[in-house]
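> Fold the following for me, if possible:
(one chain, ligands or ions: 2)
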Amino acid sequence: MAHPTRSVLYIPGSKERALEKATGLACDAIIFDLEDAVAIDEKANARALLAKTLSEADYGARLKIVRVNGLDSAWGREDVLAFADAIRAGAKVDAILIPKVSTPADLDAVADLIQGVPLWAMMETAQGMLNAGAIAAHPRLEGMVMGTNDLAKELGSRFRADRLPMQAGLGLCLLAAKAHGKIIVDGVYNAFKDDEGLKVECDQGRDMGFDGKTLIHPAQLAVCNAAFAPSDNEIDLAQRQIAAFEAAEAAGQGVAVVDGKIVENLHIVTARQVLAKAQAIAALGS
Ligand SMILES: CC(C)(COP(=O)(O)OP(=O)(O)OC[C@H]1O[C@@H](n2cnc3c(N)ncnc32)[C@H](O)[C@@H]1OP(=O)(O)O)[C@@H](O)C(=O)NCCC(=O)NCCSC(=O)C[C@H](O)C(=O)O
Ligand SMILES: [Mg+2]
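Ligands and ions are numbered 1, 2, ... in the order given. Model prediction:
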């Protein structure tokens, strides 16, 4: 399986202490933000600080993703060109995340400015939802990130614990990512001191099929990592399904029964994915 992306932590590119702290946090990926988390007066300093930090600091196996400002802003083009230079000079960056992607042309525009690094897309506009399939199909795209705050703003929807107003958008992007084999992670849970509410939202995202969730505070990591990792029961079931199916096959049968439920070829694919994910997480050591 690809690198786990259970927990994807945003860090404002301007916050030196948070950038330092993240070298020891149990997140699978980090989004180093130059966009909404950085005040206008700090944009240029944050860009320089981040380029320097990613050249010098050791974030280990965590995926390192830089969220630039949009090309329609005063800072976007310079952000992308600065990181193209920084990466050439040795900065460790695994992907560039583009905000408010509405069409594949938004990806083309950044792809033309920076080569050799995968692109990720923030999915957070109504147009982006409608074009999700074409965006996911872009050859440079590796991952999609739900931006549920911006989406709620565009839709004029209210925040609800069950996220009913978000379901169409979440579902469209999820279908698009899965159809094209791309990573997709869920949006943030804003109430970062509410563990119970966070768990409900993580479980909903995991049930839907998201690969993980974006987070805004280190206190959210443990709940999220647990929710998006295979549980002991899931691992045990996967192992028993594989054993039972192999035994059935050896006896010339195409179907096994485990815990009163049939197990066919397709369930074995899922079972093997569960075990591969558990192994990939164990290999991270967190
Ligand atoms: C939400 C915060 C502003 C809270 O900050 P603060 O009050 O400083 O938190 P604490 O005092 O509890 O911090 C405790 C320690 O943890 C470190 N810390 C805090 N946040 C982070 C972080 N995100 N990453 C790493 N480390 C962090 C502090 O430095 C403290 O360390 P220590 O000194 O050792 O005790 C703050 O958490 C924050 O700024 N979060 C990120 C906000 C952000 O990035 N927002 C933008 C992304 S969300 C978004 O845009 C989604 C999308 O686009 C959409 O549309 O939905
Ligand atoms: Mg946003």
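> beta partners for residue 184?
Per DSSP bridges, the residues bridged to residue 184 are residue 144.
> How about the residues of this structure by ligand 2?
Counting by CB under 5 Å from the ion, the chain comes close to ligand 2 at 124, 147, 150. (C-beta placed from N, C-alpha, C; glycine too.)
> burial count for the second one?
For residue 147, the neighbour count with other CB atoms under 10 Å is 25.
> what's the closest non-adjacent residue to it?
Once flanking residues are discounted, residue 147 sits nearest to residue 124: 2.7 Å by CB to CB, 6 or more residues apart in numbering.
> Is the one you found in contact with residue 100, as I believe?
Yes. Assessed by CB atoms under 8 Å, residue 124 is found in contact with residue 100 at 5.8 Å.
> what residues are shared contacts of those two?
147, 150 (CB atoms under 8 Å, 6 or more residues apart in numbering).
> returning to that earlier point: also near ligand 1: which of the residues of the chain next to ligand 2, exactly?
Among these, the ones lying near ligand 1 by CB under 6 Å from any ligand atom are 124, 147, 150.
> Where does residue 72 fall, secondary structure wise?
Assessed by DSSP states H and E, residue 72 sits outside every helix and strand.
> what about it, how many residues close to it?
11.
> Dihedrals phi and psi, it?
Main-chain torsions, residue 72, degrees, to the nearest 10: phi -90, psi 0.
> I'd like the numbering to begin with 11 instead of 1 from here.
Shifting the count to begin at 11 puts that one at residue 82.
> who touches the helix or strand encompassing residue 231?
According to DSSP H and E, residue 231 maps onto helix 231-238. Residues from elsewhere that reach helix 231-238, judged by CB under 8 Å, 6+ apart: 14, 16-17, 19, 35-38, 205, 208-209, 212-213, 215-216, 220-223, 225, 296.
> Also stretch 24-35?
Contacts for stretch 24-35 (CB under 8 Å, 6+ apart): 19, 21-23, 40, 42, 47-49, 52, 55-56, 59-60, 63, 67-70, 72, 228, 231.
> can you list the residues of the chain near ligand 1?
So the chain meets ligand 1 at 19-22, 27-28, 31-32, 43, 46-47, 132, 134, 157-160, 197-198, 202, 226-228 (CB under 6 Å from any ligand atom).
> and those residues, which are buried?
19-22, 28, 32, 43, 47, 132, 134, 157-158, 160, 197-198, 226, 228 (16 or more other CB atoms under 10 Å).
> Where helices are concerned, which of those residues count?
In helices, judged by DSSP state H, the following of those are found: 28, 158, 160.
> so which of those residues would you say is closest to ligand 2?
For these, the closest approach to ligand 2 (CB to the ion) belongs to residue 160, at 3.6 Å.
> residues contacting that closest one?
Residue 160 touches 110, 132, 134, 135, counting by CB under 8 Å, 6+ apart.
> Same check on residue 128?
Contacts here follow CB under 8 Å, 6+ apart; on that basis residue 128 touches 104, 105, 106, 150, 151, 152, 153.
> List only buried entries from the residues you listed.
Listed as buried from those are 104, 105, 106, 150, 151, 152, 153; burial here means 16+ other CB under 10 Å.
> want to try TSV for these, with pLDDT and secondary structure as columns?
Below are the buried ones among the contacts of residue 128 laid out as TSV (pLDDT from 0 to 100; DSSP: H, G, I helix; E, B strand; the rest coil):
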residue	pLDDT	secondary structure
104	98	coil
105	98	strand
106	98	strand
150	98	coil
151	98	strand
152	98	strand
153	98	strand
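> packing partners for the one helix or strand residue 184 maps to?
Taking DSSP H and E as the definition, one finds residue 184 inside helix 177-189. Helix 177-189 is packed against helix 136-140, helix 142-146, strand 151-156, helix 158-165, strand 193-196, helix 205-218, with contacts defined by 3 or more CB pairs under 8 Å, 6 or more residues apart in numbering; DSSP states H and E.
> ok, residue 224 touching residue 20?
Yes. Between residue 224 and residue 20 there is a contact under CB under 8 Å: 6.3 Å.
> which residues are common contacts for those two?
By CB under 8 Å, 6+ apart, the residues touching both residue 224 and residue 20 are 41, 198.
> low pLDDT regions in the stretch 161-296 of the chain?
296 (pLDDT under 70).
> Show the contacting residues for the residue sitting nearest the centre point of the chain.
Closest to where the C-alpha atoms of the chain average out (CA atoms, centre = their mean) is residue 195, at 3.4 Å. With contact set as CB under 8 Å, 6+ apart, residue 195 has these partners: 15, 18, 153, 154, 155, 156, 220, 221, 222, 223, 224.
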